[in-house]
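*Asks:* below is the sequence, then the predicted model.
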Amino acid sequence: MLFPLRSTAQSVTVGRLNIPPLGDGSRFLPEVSEKRLVLRLRDRRVYYYDGETLITSYPVAIGRQGWETPTGEFQVIQKVEHPTWEHPFTGEIITPGPNNPLGVRWIGFWTDGQNFIGFHGTPNEELIGQAVSHGCVRMRNRDIVALFEKVEMGTPVIVE
């Protein structure tokens with residue numbers, strides 16, 4: 001038995017039952033977000049899209065040779081305001097503040113269970129546009145604050 005698509009406005013008769021049209025069910029369906037981040041390493045830029053519409057983009061610094069930013073499809077797995085940083089080699093802890101290498105925000109999107117990679121601010125904004133990090137994506141503090149407000153946990157992150 002074939003049933004009409006949602007867009008038809010005709011009722012269907014099944015046996016002796018007259019079934020009214022389904023109508024618009026959008027108020028019962030979850031909202032589907034098409035927002036995503038696309039990091040183009042060759043451009044040294046991150047792009048924020050809603051569907052096919054580019055909302056904004058920001059210049060970034062990426063991983064240096066031997067510490068390349070991983071490519072692939074990921075998602076936002078962490079969001080931290082005023083993050084604390086632990087030096088990966090010495091274990092030194094740097095608390096939030098003007099000298100923190102993570103700047104004022106952290107948006108994590110990759111982990112191997114021990115190390116994390118994400119977007120973050122930096123006190124060294126003159127390095128934006130270069131390949132200088134240990135895999136992370138550095139942004140100007142004002143840009144990471146703006147991006148932090150736009151993305152949600154689970155937002156897709158495509159690195160190419």
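*Replies:* Perfect, I can see it now. As the structure is a computational prediction, the values presented were derived from the model and not from experiment. Numbers count the residues shown, from 1 in each chain.

*Asks:* now the helices for the protein?
*Replies:* Secondary structure of the chain (DSSP state H): helices located at 141-150.

*Asks:* low-scoring stretches of it, by residue?
*Replies:* Counting by pLDDT under 70, the chain shows low-confidence ranges at 1-12, 19, 21-26, 29-32.

*Asks:* please repeat the previous calculation with a cut-off of 50.
*Replies:* 1-8 (pLDDT under 50).

*Asks:* dump the residue contacts of the closest residue to Thr122 other than its chain neighbours.
*Replies:* Excluding the flanking residues, the one nearest Thr122 by CB to CB, 6 or more residues apart in numbering is Arg138, at 4.4 Å. Where C-beta positions appear, they are placed from N, C-alpha and C, glycine not excepted. Arg138 makes contact with 60-62, 103, 120-122, 124, 127-128, 132 under the criterion CB atoms under 8 Å, 6 or more residues apart in numbering.

*Asks:* give me that answer again for 7 Å
*Replies:* The contact partners of Arg138, by CB atoms under 7 Å, 6 or more residues apart in numbering, come to 60-61, 120, 122, 127-128.

*Asks:* closest to Asn99 out of these?
*Replies:* Of all the contacts of Arg138, Thr122 has the smallest distance to Asn99: 10.7 Å, by CB to CB.

*Asks:* could you tell me how many residues sit around that closest one?
*Replies:* Using other CB atoms under 10 Å, Thr122 is surrounded by 23 other residues.

*Asks:* ok, it to Ser57 distance?
*Replies:* As for Thr122, its distance to Ser57 is 18 Å (criterion: CB to CB, to the nearest Å).

*Asks:* excluding chain neighbours, what is closest to Ile117?
*Replies:* Here the nearest residue to Ile117 in space, its sequence neighbours aside, is Trp110; by CB to CB, 6+ apart that works out to 4.1 Å.

*Asks:* surely the one you found meets Pro70?
*Replies:* Yes - look at Trp110 against Pro70 with CB atoms under 7 Å: they come within range, at 5.5 Å.

*Asks:* who's more crowded, these two?
*Replies:* For Trp110 versus Pro70, neighbours defined as other CB under 10 Å are more numerous around Trp110 (18 against 12).
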